[in-house]
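> How does the following fold in three dimensions:
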Amino acid sequence: TVEAADALRELVARILHVVAVSPEVSPEWEMIEPAALVSYEGQELAPMCWDGAPWVFFVKRGTVNKLVMYYQGGGACWSHITCNGVEPIVNPTFKQGTGPGDDPGNFPSGFFDLDHPDNPFGDWHQVFVPYCTGDVHWGSAVAEYELLGDTITVAHKGFVNAQVAEKFAREHFVHPDAVFVTGSSAGAYGAIVNSLYLQERAYPSAHFDVVGDAGNGVITDDFLENDLANWGIQENLPPWIPGLNVPLTDLQASDLYVEAAKTYPQNRFATYTTAYDGGQGGQTGFFQVMRSGPNVLFWIRWWDSSCLWNEEMLALNEDAAARTPGNFRYYVGTGSAHTMWGRSKVYTDTTGGVPTIRDWLVSM
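Modelled structure (predicted):
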């Protein structure tokens with residue numbers, strides 16, 4: 001009968017809809033607490049925060065077969081002073097825990113406001129990767145930092161945690177048409193590095209756009225040569241990309257985008273920052289910490305490094321743009337505000353005659 005045929009078509013449509021938008025994932029933000037050991041790609045992964053405390057992440061089912069992978073910011077640490085602080089002068093320079101307070105639903109602004117009528121990602125699946133390891137989502141080492149006879153142990157396991165989130169996404173959001181990978185501050189580095197693994201082994205047939213929000217990679221030579229290796233990131237450089245399968249000290253941040261753009265010319269890559277990304281938690285703030293070393297009283301003077309940081313940031317962006325095959329762009333906004341993803345200005349700011357960030361990303 002006509003009624004039976006209509007009912008059958010409706011049933012098939014419902015089944016296809018459920019399969020396409022992922023069964024067993026809530027349409028509301030849901031906190032996932034992974035097991036102590038997670039098997040993935042021939043590894044036994046032990047997700048954790050810097051002190052061995054449990055790590056969690058958040059997911060949300062959308063209504064279209066597209067996926068946002070977002071990596072949370074929260075500073076970094078690479079020494080006894082940066083990881084432990086110096087009471088009462090300075091606190092540790094990184095976010096140290098995860099839990100219900102990281103729920104993106106608690107901060108509905110900017111692109112986190114999924115109900116905003118102009119949000120291009122409002123209907124997409126979402127995976128939110130929190131941060132608590134001090135290694136910009138890139139580490140897989142345990143480091144011991146000593147100062148004046150006191151030793152602290154830090155589990156830099158951000159890359160391990162990111163792989164656990166990747167496994168969940170791969171198993172629950174199957175064959176998305178498009179994947180948008182991004183992250184703010186420390187998460188910007190998590191976005192570009194982990195996007196390489198997502199593109200290669202998780203979703204090789206999907207279209208990717210990758211945007212680093214406020215993580216342009218301006219560092220000191222001393223940090224590159226003596227501190228960056230503490231996180232154990234050398235072994236996490238993608239071995240299938242020759243230009244990145246080199247000693248860590250031979251790389252700069254622009255190389256990540258250049259080699260990614262060359263390896264995946266069908267996909268698009270970009271960075272965003274303000275011109276003088278400032279404050280103690282901003283990019284100039286961390287550059288100032290690197291330049292000041294153990295002189296903690298100078299850490300707060302982030303403005304001392306603003307002009308030099310701006311010069312080096314522009315040089316890195318221009319270098320990446322010059323060496324990529326046309327699929328890399330960069331956006332430098334006015335002022336010194338740190339990050340854009342969760343700010344309402346993504347819909348409104350046209351200072352200097354530029355497009356809004358929202359329109360720029362839609363064009364991407």
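> quick one: average pLDDT of stretch 196-205?
When pLDDT is averaged along stretch 196-205, the result is 98.
> Buried residues in it, which are they?
Leu196, Tyr197, Leu198, Gln199, Ala202, Tyr203 (16 or more other CB atoms under 10 Å). For the C-beta atoms, the positions are set from N, CA and C on the backbone; glycine is no exception.
> Now tabulate these in JSON lines and tack on distance to Asn317 and secondary structure.
Shown next, in JSON lines, are the buried residues of stretch 196-205 (distance: CB to CB, whole Å; DSSP: H, G, I helix; E, B strand; the rest coil):
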{"residue": "Leu196", "distance to Asn317": "19", "secondary structure": "helix"}
{"residue": "Tyr197", "distance to Asn317": "24", "secondary structure": "helix"}
{"residue": "Leu198", "distance to Asn317": "23", "secondary structure": "helix"}
{"residue": "Gln199", "distance to Asn317": "22", "secondary structure": "helix"}
{"residue": "Ala202", "distance to Asn317": "28", "secondary structure": "helix"}
{"residue": "Tyr203", "distance to Asn317": "27", "secondary structure": "coil"}
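> wait, which of the residues you listed is closest to Phe159?
Nearest to Phe159 among the buried residues of stretch 196-205: Tyr197, at 9.0 Å, using CB to CB.
> residue contacts, the closest one?
Gln163, Glu166, Pro238 (CB atoms under 8 Å, 6 or more residues apart in numbering).
> Show me the strands in the stretch 51-200 of the chain, by range?
Under the criterion DSSP state E, counting those that start in this stretch, the stretch 51-200 of the chain contains strands at 57-60, 66-71, 125-129, 141-147, 150-156, 178-184.
> Tell me the strands beside the second one, with direction?
Going back to what we said before, that points to strand 66-71. Sheet partners assigned to strand 66-71 using DSSP bridges are listed as strand 125-129 (parallel), strand 178-184 (parallel).
> got TSV for the ones you listed, with distance to Ile81 and mean pLDDT too?
As requested, the strands paired with strand 66-71 are exported to TSV (distance: least, CB to CB, whole Å; pLDDT from 0 to 100):
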stretch	distance to Ile81	mean pLDDT
strand 125-129	27	98
strand 178-184	25	98
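> got those strands as a markdown table, with mean neighbour count and distance to Asp319 columns?
A markdown table is the format used below for the strands paired with strand 66-71 (neighbours: other CB atoms under 10 Å; distance: least, CB to CB, whole Å):
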| stretch | mean neighbour count | distance to Asp319 |
| --- | --- | --- |
| strand 125-129 | 25 | 28 |
| strand 178-184 | 25 | 21 |
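> can you put these in JSON lines and add distance to Val296?
Formatted as JSON lines, these follow (distance: least, CB to CB, whole Å):
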{"stretch": "strand 125-129", "distance to Val296": "30"}
{"stretch": "strand 178-184", "distance to Val296": "25"}
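> And the ones you listed: which comes nearest Gly85?
When the strands paired with strand 66-71 are compared (using CB to CB), the closest one is strand 178-184, at 22.6 Å.
> Past the helix or strand bottoming out on mean pLDDT in the chain, which element shows up next along the chain?
For the chain, using mean pLDDT, DSSP states H and E, the weakest element among its helices and strands is helix 2-20, scoring a mean of 64. On the C-terminal side of helix 2-20, the nearest following helix or strand under DSSP states H and E is strand 30-32.
> looking at the strands of the stretch 51-200 of the chain, which is closest to Ala229?
strand 141-147 (8.7 Å).
> What residues sit buried inside that closest one?
Buried residues in strand 141-147 (16+ other CB under 10 Å): Ala141, Ala143, Tyr145.
> same thing with stretch 44-60?
Leu45, Ala46, Pro47, Met48, Cys49, Trp50, Trp55, Val56, Phe57, Phe58, Val59, Lys60.
> Next up, the contacts around the fifth one.
What it means is Cys49. Contacts for Cys49 (CB under 8 Å, 6+ apart) come out as Trp55, Gln96, Gly97, Thr98, Cys132, Thr133, Ala155, Lys157.
> and if we set it to 7 Å?
Cys49 makes contacts with Trp55, Gln96, Gly97, Thr98, Cys132, Thr133, as judged by CB atoms under 7 Å, 6 or more residues apart in numbering.
> now swap in the fourth one and tell me
Applying CB under 7 Å, 6+ apart, we find Met48 in contact with Pro54, Trp55, Ala155, Lys157.
> what would those residues look like in JSON lines with distance to Gly279 and pLDDT?
What follows is the contacts of Met48, written out as JSON lines (distance: CB to CB, whole Å; pLDDT from 0 to 100):
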{"residue": "Pro54", "distance to Gly279": "30", "pLDDT": "98"}
{"residue": "Trp55", "distance to Gly279": "26", "pLDDT": "98"}
{"residue": "Ala155", "distance to Gly279": "27", "pLDDT": "98"}
{"residue": "Lys157", "distance to Gly279": "27", "pLDDT": "98"}
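> how about TSV for the residues you listed, with distance to Thr284 added?
Supplementary listing: the contacts of Met48 in TSV, determined by distance: CB to CB, whole Å:
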residue	distance to Thr284
Pro54	33
Trp55	29
Ala155	28
Lys157	28
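> where does the chain dip in pLDDT?
Regions of the chain meeting the criterion pLDDT under 70 cover residues 10-23.
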